[in-house]
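Visitor: Sequence plus predicted model, see below.
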Amino acid sequence: MRVALLQMTSSDQPADNLAMVQQMIADAVAGGAGFVLTPEVTNCLSGSRSHQQSVLHHEADDPTLSALRDTAAQHEIWLSLGSLAVKTTDADGRFANRQFLIDPKGEIVARYDKIHMFDVDVTPEETYRESDGYRPGHEAVVAETPFAALGMTICYDVRFPYLHRRLAKAGAQVLLAPAAFSHVTGAAHWHALLQARAIETGCYVLAAAQTGTHPATRGPSRRTYGHSLVVSPWGEILADGGTDIGITYIDLDLEKVAQARRQVPSLSHDREFDGP
Ligand SMILES: O=C(O)CNC(=O)[C@H](CS)NC(=O)CCC(=O)C(=O)O
């Protein structure tokens with residue numbers, strides 16, 4: 001299976017972002033991809049709650065989701081929307097940061113709501129309170145497909161190794177890690193974190209990333225790190241998307257998953273122990 005990771009610079013205008021993704025999917029299909037991945041918050045990257053309130057939708061009537069389901073069906077591809085920001089019915093008005101897996105008929109076959117919220121002061125000037133705007137998810141998800149079992153994670157989840165081990169023990173062979181990583185933490189940690197998750201689990205890690213300075217009509221503009229990454233189950237970086245908008249390709253070979261796990265079977269060497 002040929003996979004394409006789309007690296008983009010989402011703005012806070014969902015219609016513009018949709019047009020961009022549709023064009024990139026067409027390009028990826030022309031490049032031979034049968035599975036296309038988009039980054040976190042593909043539809044809208046915004047730091048303004050009131051702006052999000054005015055442009056986002058519930059899943060059931062989200063125009064980005066319905067258009068991209070049609071796109072997947074039209075090209076007969078598998079599509080991971082790394083996430084869409086969608087409205088929920090929660091009384092506090094918080095959104096969900098939700099990943100969708102869409103099959104070649106355009107059906108949604110799996111959903112995952114980001115579990116770990118990025119409530120972090122990266123520097124005194126650069127602070128994030130993701131849980132102000134988004135409600136955390138409560139359920140880990142492994143999606144079975146004919147070409148691989150996919151463990152779903154989003155961005156900050158990458159810092160929580162036990163989530164990934166659970167996904168691998170539940171059968172995942174490929175971990176999806178779409179992101180909008182901050183530039184500062186990305187430069188310090190991004191490659192090492194993704195390589196560690198691959199090594200610990202013997203999974204491929206596929207991380208489609210947001211990149212660059214994101215245009216914002218309201219609220220602060222943000223800068224993300226880019227470097228969409230493909231890591232092999234042995235921990236090698238097979239592809240790095242750099243910092244430009246563009247497409248990164250990889251041909252998955254699941255024999256590599258079995259091989260890495262044969263060579264170092266740490267996934268099956270857990271021990272019970274006493275202590276803290
Ligand atoms: O806010 C949105 O619209 C979409 N969500 C994000 O961009 C999220 C929360 S702010 N970003 C991360 O999780 C970055 C994690 C990171 O950079 C790290 O772990 O170092």
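Guide: Cool, the structure landed. Numbers count the residues shown, from 1 in each chain.

Visitor: roughly how far apart are the one residue sitting closest to the centre of the chain and the ligand?
Guide: Note on the chain: the residue nearest the mean C-alpha position is Pro178, at 1.8 Å, using C-alpha atoms, centre = their mean. According to C-beta to the nearest ligand atom, to the nearest Å, Pro178 and the ligand sit 10 Å apart. C-beta: built from backbone N, CA, C; applies to glycine.

Visitor: Tell me, please, where in the stretch 1-150 of the chain the pLDDT is lower than the cut-off.
Guide: Within the stretch 1-150 of the chain, the set of residues satisfying pLDDT under 70 is empty.

Visitor: try the stretch 151-276 of the chain
Guide: Using pLDDT under 70, nothing in the stretch 151-276 of the chain is flagged.

Visitor: The ligand contacts on that one?
Guide: Proximity of the stretch 151-276 of the chain to the ligand, by C-beta under 6 Å from any ligand atom, involves residues Cys155, Tyr156, Arg159, Ala180, Phe181, Ser182, Thr185.

Visitor: Switch those over to CSV; also include secondary structure and neighbour count.
Guide: Below are these laid out as CSV (DSSP: H, G, I helix; E, B strand; the rest coil; neighbours: other C-beta atoms under 10 Å):
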residue, secondary structure, neighbour count
Cys155, helix, 26
Tyr156, helix, 23
Arg159, helix, 15
Ala180, coil, 25
Phe181, coil, 26
Ser182, strand, 23
Thr185, helix, 19
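
Visitor: so which pair among these is furthest apart in space?
Guide: Arg159 and Ala180 (14.3 Å; C-beta to C-beta).

Visitor: Just to check, Trp234 is in contact with Lys256?
Guide: Yes: Trp234 is within contact range of Lys256, at 7.0 Å (criterion: C-beta atoms under 8 Å).

Visitor: And for Asp92, the neighbour number?
Guide: 7 (other C-beta atoms under 10 Å).

Visitor: Which residue, neighbours along the chain excluded, lies closest to it?
Guide: Excluding the flanking residues, the one nearest Asp92 by C-beta to C-beta, 6 or more residues apart in numbering is Arg135, at 7.6 Å.

Visitor: roughly how far apart are that neighbour and the ligand?
Guide: 13 Å.

Visitor: same deal with Val205?
Guide: For Val205, the distance to the ligand - C-beta to the nearest ligand atom - is 15 Å.

Visitor: What residues does that residue make contact with?
Guide: Residues in contact with Val205 (C-beta atoms under 8 Å, 6 or more residues apart in numbering) are Val174, Leu175, Ala177, Leu194, Gln195, Arg197, Ala198, Leu229, Val230, Val231.

Visitor: how about these in CSV, adding neighbour count and secondary structure?
Guide: Compiled in CSV, the contacts of Val205 are given as follows (neighbours: other C-beta atoms under 10 Å; DSSP: H, G, I helix; E, B strand; the rest coil):
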residue, neighbour count, secondary structure
Val174, 26, strand
Leu175, 27, strand
Ala177, 30, coil
Leu194, 23, helix
Gln195, 18, helix
Arg197, 28, helix
Ala198, 27, helix
Leu229, 25, strand
Val230, 23, strand
Val231, 27, strand
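
Visitor: from those, which is closest to Leu238?
Guide: Ranked by distance to Leu238 (C-beta to C-beta), these are led by Val230 at 4.5 Å.

Visitor: Buried residues, stretch 233-247. List them.
Guide: Pro233, Trp234, Gly235, Leu238, Ala239, Gly241, Thr243, Ile245, Gly246, Ile247 (16 or more other C-beta atoms under 10 Å).

Visitor: and the two most separated of the residues you listed?
Guide: Trp234 and Ile245 (29.1 Å).

Visitor: which of the residues in stretch 10-20 are buried?
Guide: If you call a residue buried by 16+ other C-beta under 10 Å, then stretch 10-20 has these buried ones: Ser10, Ser11, Asp12, Gln13, Pro14, Asn17, Leu18, Met20.
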